[in-house]
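> mind folding the following:
(2 chains)
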Amino acid sequence: MTMTASPLNITVDNISVTYSNAKLALYNASCTVMPGAITALVGPNGCGKSTLFTSIMGFLQPSQGKIRVGGLPVQKAQKQQLMAYVPQSDEVDWNFPVSVFDVVMMGRYGYMNFFRTPSQKDRRIVMESLERVAMADFRNHQIGELSGGQKKRAFLARALAQAGKVILLDEPFTGVDVKTEKKIIDLLLQIRDEGHTILVSTHDLASISTFCDRTILLNKTVLATGTTEEVFTEDNLTLTFGGLPASSLRQMTSNRTHSAEVEA
Amino acid sequence: MIDLLDLVTMPWNWLVEPLQYGFLRQAIWVSAFVGLVCAVLSCYVTLKGWSLMGDAVSHAVVPGVVVSYALGIPFAIGAFAFGFGATVAIGYIKSKTRLKEDAVIGVVFTGFFAFGLVLVTKIPSNIDLFHILFGNVLGISQQDIIQTVIAGTITLAVILLRRKDLLLFCFDPNHAKAIGLNTQLMYYTLLSVLALTIVTALQTAGIILVVAMLVTPGAIAYLLTDRFDRMLMISVAASVTSCVLGTYFSYHFDISTGGSIVVLLTLFFVAAMIFAPKYGIFAQQFQQRANKKQLNEVASTH
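Numbering: from 1, shown residues only, chains lettered A, B, ... in the order given. Sure, this is the predicted structure:
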């Protein structure tokens, strides 16, 4: 794998999104997702977080503004297999008759011919990806038979198999216990160190300071962006979360940082 | 001795005797072929949740059949055009209004169907509405067989060649987009093979029952397995068996062919629903009881 090339950034330039019911989901949002770092995309429910996220993934066409991934338009970047996506758990039909191996192999489809016949190399990469997330033993399981954490790891393996330079994770910690969360975080840190750019959409404020280098605070527009330390100020959090008492938020996050330090 | 011999010869005669009639041999292989095509597609229809879409397309082909006869072109062309046209109309209306998909589908397919009824009563032709509605494989003409085989073969070829992309599209269209695949193309590919399958099954099952052939085999297989390859095989087996046996029953008992095929399919479905090893009603109840017992044991040891 060619991991030597430098990591890619994502630039969001003045994005506005209006839905068909004339509701403004996002206006004049601009930010840069720094290359080779883990960035958290944070905001309360209905803040336009998933709108921005799906715009970056190209699932949604913004009514204004542009998004570039490593300088390329999103669709071009996708065609070059630069962007991998780990979906939210409730977006997946877990009863679908596919095995873990099948799912991870889907990460390789972009490299295959018209008929999607996997090559020896594709198989090897799929097995390597499964081993990295410690899911090789589960490769023949139907995806619904997995636990919450295993499900996450299976889809992370698909992103690894795709070898995308940019990995986007949508709410990766919902329905996952603390131990598994830590495993996934360790894995994300490793992947980052290999030169990937990672964007995590989350509402789990507590875990952010344990692994996210940078944070983007969002509420209808980008309110703050920078290193997590810089961004997590009382004023910023109050501004973003409005109704919530900022002191309780800070308590939550500082507790979390503390316990992580003790573990480490 | 005689009884034993009878036991062998009677079913044998039951199976072989009808084969002396050319029209029946023909009906049997045509319906087996239709069963095969429908079974393969039904796996995708079941997984994508497109049963209602299948129902819509099947009703929407009626005006197409009438127009084809009026213009003197093969019925398959008109039927396909209107069936596919209905799906495009559904997609368009859904994107332009605030209506939910099921309402749009309901409006469009009944509209097309009603238009077909109006045409059939006004345009002079020798179309038997009853045959369009309920199928008539025992009286199928050579021309219709050719059209059925062509439509079915194209369908099978497209699904076979694109099966992985179509499965990915059913499972995770977002991932398909994320890796730069053309999901719009996949969507229309699946819709066109759906319309083509309905054209294939038109003469056998009729438009009222074709949706059963498009849903039930996949539904049976889905209850019986967790693997797509096996799902395909089970679906094909259930569907072809029902089609062949259904045609026999239709001959022996002088009953509607489409009707007896779908009744058989439904019986298979009920059997699968009750006795399926993992997802059947019995298995689930057994599992629940086992879980409860285990819980009680754990509770009593503490």
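> does residue A:44 touch residue A:238 like I think?
No: the criterion here is C-beta atoms under 8 Å, and residue A:44 misses it with residue A:238 at 11.7 Å. C-beta coordinates here come from the backbone N, C-alpha and C atoms, glycine included.
> where does the prediction get shaky in the stretch 1-150 of chain A?
For the stretch 1-150 of chain A, applying pLDDT under 70 flags the ranges A:1-5, A:20-21.
> what about the helices in it?
Remark: helices assigned in the stretch 1-150 of chain A by DSSP state H, counting those that start in this stretch are A:49-56, A:74-79, A:100-106, A:120-132, A:148-162.
> near chain A, which residues of the stretch 151-300 of chain B show up?
With C-beta under 8 Å from any C-beta of the partner chain as the criterion, the stretch 151-300 of chain B meets chain A at residues B:161, B:164-165, B:167-168, B:170-172, B:174-181, B:222, B:225-228, B:230-231.
> again, but for the stretch 1-150 of chain B
Going by C-beta under 8 Å from any C-beta, the residues of the stretch 1-150 of chain B near chain A are B:47, B:98.
> any idea which element the residue of the stretch 1-150 of chain B found nearest chain A lies in?
Here the stretch 1-150 of chain B gets closest to chain A at one residue, residue B:47, 6.5 Å apart by C-beta to the nearest C-beta. Take DSSP states H and E as the rule and residue B:47 turns out to sit in helix B:22-48.
> average model confidence for that helix?
Mean per-residue pLDDT for helix B:22-48: 95.
> who's in contact with the residue of the stretch 201-302 of chain B found nearest chain A?
Minimum separation of the stretch 201-302 of chain B from chain A (C-beta to the nearest C-beta) falls at residue B:226, amounting to 3.9 Å. Neighbouring residues of residue B:226 by C-beta atoms under 8 Å, 6 or more residues apart in numbering or on different chains: A:97, A:142, A:144, B:278.
> let's see it at 6 Å
Residue B:226 makes contact with A:97, A:142, according to C-beta atoms under 6 Å, 6 or more residues apart in numbering or on different chains.
> helix or strand for it, which one?
Short version: residue B:226 belongs to no helix or strand, going by DSSP H and E.
> which pLDDT value goes with it?
Per-residue confidence (pLDDT) for residue B:226: 93.
> hey, where'd the strands end up in chain A?
In chain A, the segments counted as strands under DSSP state E are A:10-18, A:24-33, A:38-42, A:64-69, A:72-73, A:83-86, A:166-170, A:197-202, A:214-218, A:222-227.
> give the buried residues for the second one.
Just to be clear, that refers to strand A:24-33. Within strand A:24-33, the residues scored as buried using 16 or more other C-beta atoms under 10 Å in any protein chain shown are A:25-27, A:29, A:31, A:33.
> partners of that strand in the sheet?
strand A:10-18 (antiparallel) (DSSP bridges).
> for the last one, same thing?
Taking DSSP bridges as the criterion, strand A:222-227 pairs within the sheet with strand A:214-218 (antiparallel).
> tilt between the partner strand and strand A:38-42?
Counting by axes from the mean of the first three to the mean of the last three C-alpha atoms, to 10 degrees, strand A:214-218 lies at 20 degrees to strand A:38-42.
> could you pull up the mean pLDDT of strand A:214-218?
Averaged over strand A:214-218, pLDDT sits at 93.
> what number of residues lie near the closest residue to residue A:47 other than its chain neighbours?
Nearest in space to residue A:47, with sequence neighbours left out and distances taken as C-beta to C-beta, 6 or more residues apart in numbering or on different chains, is residue A:219 at 4.4 Å. Per other C-beta atoms under 10 Å in any protein chain shown, the neighbour tally for residue A:219 reads 19.
> residues from the stretch 1-150 of chain A in reach of chain B?
A:57, A:78-79, A:83, A:85, A:96-97, A:106, A:109-110, A:116, A:142 (C-beta under 6 Å from any C-beta of the partner chain).
> picking that back up, is it possible to get JSON lines of the strands of chain A that adds distance to residue B:208?
Converted to JSON lines, the strands of chain A look like this (distance: least, C-beta to C-beta, whole Å):
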{"stretch": "strand A:10-18", "distance to residue B:208": "43"}
{"stretch": "strand A:24-33", "distance to residue B:208": "44"}
{"stretch": "strand A:38-42", "distance to residue B:208": "51"}
{"stretch": "strand A:64-69", "distance to residue B:208": "49"}
{"stretch": "strand A:72-73", "distance to residue B:208": "48"}
{"stretch": "strand A:83-86", "distance to residue B:208": "42"}
{"stretch": "strand A:166-170", "distance to residue B:208": "43"}
{"stretch": "strand A:197-202", "distance to residue B:208": "47"}
{"stretch": "strand A:214-218", "distance to residue B:208": "52"}
{"stretch": "strand A:222-227", "distance to residue B:208": "56"}
